[in-house]
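K.L.:
how would this look folded up:
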Amino acid sequence: MVNESDVDLGDGTTLHAYDTGGDGPVVFWHHGTPNIGAPPVPLFAAAERLGLRWVSYDRPGYGGSTPRPGRDIASAASDVEKVADALKIERFAVFGHSGGGPHALACAALLPERVPAVVGVASMAPYGADGLDWFAGMSAAGVASLTAASAGRAEKEKYEASAEYDAEMFTPADHAALSGPWNWFTEVVGPAIEGGPDGLIDDDLGYVAPWGFQPSDISAPVLFLHGGEDRIAPFGHGEWLSRQCATAELRSFPGDGHISVLRHGEAALEWVAERA
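P.N.:
So this is what the prediction gives:
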């Protein structure tokens, strides 16, 4: 069972949090774009076997969390700290998929005394990263969406008003995963889209702006999982990130895409359990 609660930030805004409960080590799930923050049901059995407790939250503008236009990636660290304090959690690993990857990295960089381990699955790298062709290998829809974001909020809002779903952003392996256990994404993408584009817009604006920290600031062990066929956050992003973090390990999977790479999530949780 997942317990849900609202964390009052003291300024009239709230964060909507999720918690599977238990006394084991905590893993904070960081969701992708556009998703609400419910933790990943396909990995519940593995977490239970390993004695891990999932905690997560809707980023501002998604689900039950108050919108916060102009938020940056670094703000995730403060948000997570408030959720953790409200739940009386001192230490927690972080696990981010897709757009959740940068937000998980922010927690590791900015809360080093509280984060013992980090997993980034199909994470994107900072926009304009030195030595990385950021758009290389990205789907046409992804290039158009993030190029619009780089031009500012007005252009991004205009783009989203007419944007359509592009199935080509996913590989055949991704589509197979989405037809299987990871069909779970329909449960978190649908409500995020129904809630309007604000969360997605704020996410994308954050990805192409300065993040507020450097991946090289991270001192905790980091595990990156990345599919070689990823069309949303191309493999070069994972390679670049792994070079920046002195404590990083990169596990690459040539046949996987953006979603199918999550089939290695159980092994990643085993890695976390050894360090949490």
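
K.L.:
all contacts plus neighbour counts: C-alpha atoms, from now on.
P.N.:
Noted.

K.L.:
which ones are touching Glu113?
P.N.:
Glu113 makes contact with Arg91 under the criterion C-alpha atoms under 8 Å, 6 or more residues apart in numbering.

K.L.:
pLDDT at it, what is it?
P.N.:
pLDDT, Glu113: 98.

K.L.:
Next, it: secondary structure please.
P.N.:
coil (DSSP: H, G, I helix; E, B strand; the rest coil).

K.L.:
For it, give me phi and psi.
P.N.:
phi -80, psi -10 (degrees, to the nearest 10).

K.L.:
neighbours around Pro181, how many?
P.N.:
13 (other C-alpha atoms under 10 Å).

K.L.:
and the spatially closest residue to it that is not a sequence neighbour, what is it in contact with?
P.N.:
Excluding its sequence neighbours, the residue lying closest to Pro181 (C-alpha to C-alpha, 6 or more residues apart in numbering) is Pro42, at 6.1 Å. Listed by C-alpha under 8 Å, 6+ apart, the contact partners of Pro42 are 181-182, 184.

K.L.:
so which one among these has the lowest pLDDT?
P.N.:
Of all the contacts of Pro42, Pro181 carries the smallest pLDDT score, 95.

K.L.:
any idea which helix or strand comes after the helix or strand where Pro191 lies?
P.N.:
Pro191 is located in helix 185-194, with elements delineated by DSSP states H and E. On the C-terminal side of helix 185-194, the closest following helix or strand by DSSP H and E is helix 198-207.

K.L.:
tell me the average confidence for that following helix?
P.N.:
98.

K.L.:
Using PDB, write down the CA coordinates of the next helix or strand after it.
P.N.:
Toward the C-terminus, helix 198-207 is succeeded by strand 222-227 as the next helix or strand (DSSP H and E). In PDB, the C-alpha atoms belonging to strand 222-227 read as follows (Å, rounded to 0.1, in the frame of the first residue of the first chain):
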ATOM      1  CA  VAL A 222      26.600   6.800  -8.500                       C
ATOM      2  CA  LEU A 223      25.200   4.100 -10.800                       C
ATOM      3  CA  PHE A 224      24.100   5.100 -14.300                       C
ATOM      4  CA  LEU A 225      22.100   2.800 -16.500                       C
ATOM      5  CA  HIS A 226      21.700   3.800 -20.100                       C
ATOM      6  CA  GLY A 227      20.300   2.200 -23.300                       C
END
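
K.L.:
And the helices in this structure, which stretches?
P.N.:
Ranges of helices within the chain are 44-50, 75-86, 100-110, 140-150, 153-162, 172-178, 185-194, 198-207, 235-244, 265-273, based on DSSP state H.

K.L.:
Turn those helices into CSV, columns for distance to Phe213 and mean neighbour count.
P.N.:
Converted to CSV, the helices of the chain look like this (distance: least, C-alpha to C-alpha, whole Å; neighbours: other C-alpha atoms under 10 Å):
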stretch, distance to Phe213, mean neighbour count
helix 44-50, 30, 15
helix 75-86, 10, 18
helix 100-110, 7, 27
helix 140-150, 19, 18
helix 153-162, 22, 14
helix 172-178, 31, 18
helix 185-194, 27, 16
helix 198-207, 12, 24
helix 235-244, 12, 21
helix 265-273, 23, 18
